[in-house]
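Asks: Below are the sequence and a predicted model for it; my questions follow.
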Amino acid sequence: TAEGFHLRLLEHVRKTVKPGDASNMIATIDNYCYTVESGMNVGDVKGKILDDIVLETNPTTVLELGTFCGYSALRIARNLPENSRFFTVEFNPEHAAVAKEIIHTAGMDDKIQMLIGPSQEMIPQFKGMGVSHFDLVFVDHEKDLYKPDVILLEKEGLLKKGSVIVADNVVYPGSPDYIDYVRNNPKFKSTNYMSELEYHKDVVDAIEKSIYIG
Ligand SMILES: O=C(c1ccccc1)c1ccc(O)c(O)c1[N+](=O)[O-]
Ligand SMILES: [Mg+2]
């Protein structure tokens, strides 16, 4: 990743966005990534697939692993029902600080609760925060943490029959141990959505949706 992308994006956002408008923020980030430099946001093409899965799931309790600059947090929060709870976990404090400002500027503070720390330490805390289970989990952090974190979510009793796991980047950079695990596990029913790497129509990538059937 281009060192300092998040800081250059924040500078651009501060100069250009219309405050209080999540869709304008999303469009501003996409425009920057297409015209100036691409960042590792899920982007508009895979983002539409994510939007459709969120809308079809209509989840009331949601977890995102990997906030980065907050782009997918805004895409998800924009499509959640009023009384929903949405947590996003980011381990990099610099990225989290940028995400916090981007989410605040977009007017989505009251919809998104950000936790800063390693996912393996954050996941065991949700039961104590009154979360019984997650209806939808968006996995988009360190690619070698996809499998251990989904295993941990099940171990913590945070998945229920019908819980939906949406995983980004299952082709590029890829998460082969996760794909092998989830596709060969009778507790999950998986669907692959072939797409393209964010801001790079010439590079193949995909999203994997896995429904926990318990
Ligand atoms: O890991 C990278 C990566 C690897 C190498 C170079 C640049 C980025 C990446 C690429 C696309 C993504 O959508 C994404 O979520 C990530 N990520 O870091 O989580
Ligand atoms: Mg990604």
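Replies: Received, thanks. Ligands and ions are numbered 1, 2, ... in the order given.
Asks: Leu153 belongs to a helix?
Replies: Yes. Secondary structure of Leu153 (DSSP: H, G, I helix; E, B strand; the rest coil): part of a helix.
Asks: Next, count neighbours for the residue of the chain found nearest ligand 1.
Replies: Closest residue of the chain to ligand 1, Cβ to the nearest ligand atom: Met40 (3.9 Å). Using the backbone N, CA and C atoms, a C-beta is placed for each residue, glycine as well. Neighbour count for Met40, taken as other Cβ atoms under 10 Å: 21.
Asks: for Asp180, same thing?
Replies: 11.
Asks: got a pLDDT number for it?
Replies: Asp180 carries a pLDDT score of 98 in this model.
Asks: Could you do the one 4 residues further on as well?
Replies: Reading off the per-residue confidence, Asn184 sits at a pLDDT of 98.
Asks: related to what we said a few turns ago, pop out the phi and psi values for the residue of the chain closest to ligand 1.
Replies: phi -90, psi 40 (degrees, to the nearest 10).
Asks: Look at it and report its pLDDT.
Replies: Looking at Met40, its pLDDT is 98.
Asks: That one and Thr67 touch, don't they?
Replies: No. Met40 lies out of contact with Thr67 (Cβ atoms under 8 Å); the separation is 11.6 Å.
Asks: Once you drop chain neighbours, what's closest to the residue in the chain that ligand 2 sits nearest to?
Replies: Closest approach between the chain and ligand 2, counting by Cβ to the ion: Asp168, at 3.7 Å. Nearest residue to Asp168, sequence neighbours excluded (Cβ to Cβ, 6 or more residues apart in numbering): Asp140, at 4.1 Å.
Asks: what do you get for Val203?
Replies: In this structure, Val203 finds its nearest non-sequential neighbour in Leu197, 3.9 Å apart by Cβ to Cβ, 6+ apart.
Asks: Same check on Lys209?
Replies: Thr191 (4.7 Å).
Asks: pretty sure that neighbour is touching Ala206, no?
Replies: No. Applying Cβ under 8 Å, one finds Thr191 not in contact with Ala206, separated by 10.3 Å.
Asks: Compare neighbour counts for the two and give me the winner.
Replies: Shown here are Thr191 and Ala206; by other Cβ under 10 Å, Ala206 has more neighbours (20 against 10).
Asks: show me the contacts for Lys189.
Replies: Listed by Cβ atoms under 8 Å, 6 or more residues apart in numbering, the contact partners of Lys189 are 210-211, 213.
Asks: what do you get if the cut-off is 6 Å, keeping everything else the same?
Replies: Counting by Cβ atoms under 6 Å, 6 or more residues apart in numbering, Lys189 touches 211, 213.
Asks: coming back round to it: what about the residue nearest to Lys209, is that helix, strand or coil?
Replies: Taking three-state DSSP, the label given to Thr191 is strand.
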